[in-house]
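1. missing the sequence, but the structure's below:
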C-alpha cells in the first residue's frame, strides 16, 4: 500500500487497490466500476510515476480516454470499448485482447495489443500508431484521416473483417496475414469501400478490393515505410522481420478523392 504522504492526489478509498514497486504504480481493477477506475488512473498519473500497471481488467471501458501525457500504461486483462479514445500521447500496452472502438479518434501515442482487437478499431483515428498482434474485427480504420505530418497508422499481424478502411481519408494500414497459408486470402469483403485517401499495404495478394480502389506495386518510399513498421511490429511481439519482409508487398490506393461525386447534385 502507498504511504499516505505519497498519495495526497489519490482518494483514500482507492489506496487499498494500489501498490508501488520502484517507480511503477500497480492498480488492482478487479470489480472496480469503469468510472472509478478511470478516475483512479488520472489521479495516479498525477503522482509522477514513470509507469502504471492495471491488473485484473475485465471490460472497463474508456481506459486512457483523453489522456495527454507520455506515460506508459500496461493493461492486464481485457479492457472494454473505446480504449484510448481521443488519446494524445501515452503508450498503452494491452496484455490480452481489446474490444470495440479501440483508438477511437486517437490523436497521438501508441496502443500495442498482445492479442486481437474488435470492430471499428481506429475509428476516425487522426494520429499515433496501433499495433495488433493477431486479427481485427469489422470496419477497422473507418474514416481514418491525416493532416500535414500527422499520419495515423494501424499495423495488423493477421487478418481483418469486412469493410476494412471504409471511407478512409488518410493514414496507413499495414496488414500482414501471418496466419494465412500460402495462396490463402483474407475473407474480408468490401475492402476500401468509399476510400478516398491514405494507403493500405498488404503482404502478398491477400485482399479482395472494391471498384473504387487500385492495386499497385510498392516504390522505394513505400518499402522504407513497410520495413520500418514491420521491424517495429516485431520488436513488440517477438517476430522475425526478415521472414515477414521476405514476401512481396503491394499497395492499395483510392481511384478518386471524391468517390461519391456522381451521387450528389451540384
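-> Okay, I see it. Given the structure is predicted, the values throughout are model-derived calculations rather than measurements.

2. Can you list the helices and strands that the helix or strand bottoming out on mean pLDDT in the chain packs against?
-> Confidence across the helices and strands of the chain bottoms out at strand 18-21, with a mean of 91, counting by mean pLDDT, DSSP states H and E. Counting contacts by 3 or more C-beta pairs under 8 Å, 6 or more residues apart in numbering; DSSP states H and E, the secondary-structure elements packed against strand 18-21 are strand 24-28. Bear in mind the C-beta positions are built from the backbone N, C-alpha and C, glycine included.

3. Work out the sheet partners of the least confident helix or strand of the chain and label each with its direction, please.
-> Strand pairing for strand 18-21, using DSSP bridges, gives strand 24-28 (antiparallel).

4. how much space between the spatially most central residue of the chain and residue 44?
-> Taking C-alpha atoms, centre = their mean, the centroid of the chain lies closest to residue 130, which sits 2.6 Å from it. Residue 130 is 23 Å from residue 44, where distance means C-beta to C-beta, to the nearest Å.

5. Also residue 125?
-> Using C-beta to C-beta, residue 125 is found at 26 Å from residue 44.

6. So those two - more neighbours on which side?
-> Here residue 125 and residue 44 are compared on neighbour count by other C-beta atoms under 10 Å; more neighbours surround residue 125, at 31 against 25.

7. check contacts around the closest residue to the more buried one other than its chain neighbours.
-> Here the nearest residue to residue 125 in space, its sequence neighbours aside, is residue 152; by C-beta to C-beta, 6 or more residues apart in numbering that works out to 4.2 Å. In this structure, residue 152 makes contact with 106, 122, 125-129, 144-146, 170-172, judged by C-beta atoms under 8 Å, 6 or more residues apart in numbering.

8. What about those residues, which one has the most neighbours?
-> residue 122 (33 neighbours).

9. which residues sit in contact with residue 173?
-> With contacts defined as C-beta under 8 Å, 6+ apart, residue 173 is in contact with 140-141, 144, 153-154, 156, 164-165, 198-201.

10. Kindly report the same for residue 159.
-> Taking C-beta under 8 Å, 6+ apart as the contact definition, residue 159 lies against 135-136, 175, 177, 179-180, 186-188, 206.

11. Please consider this matter closed, and thank you.
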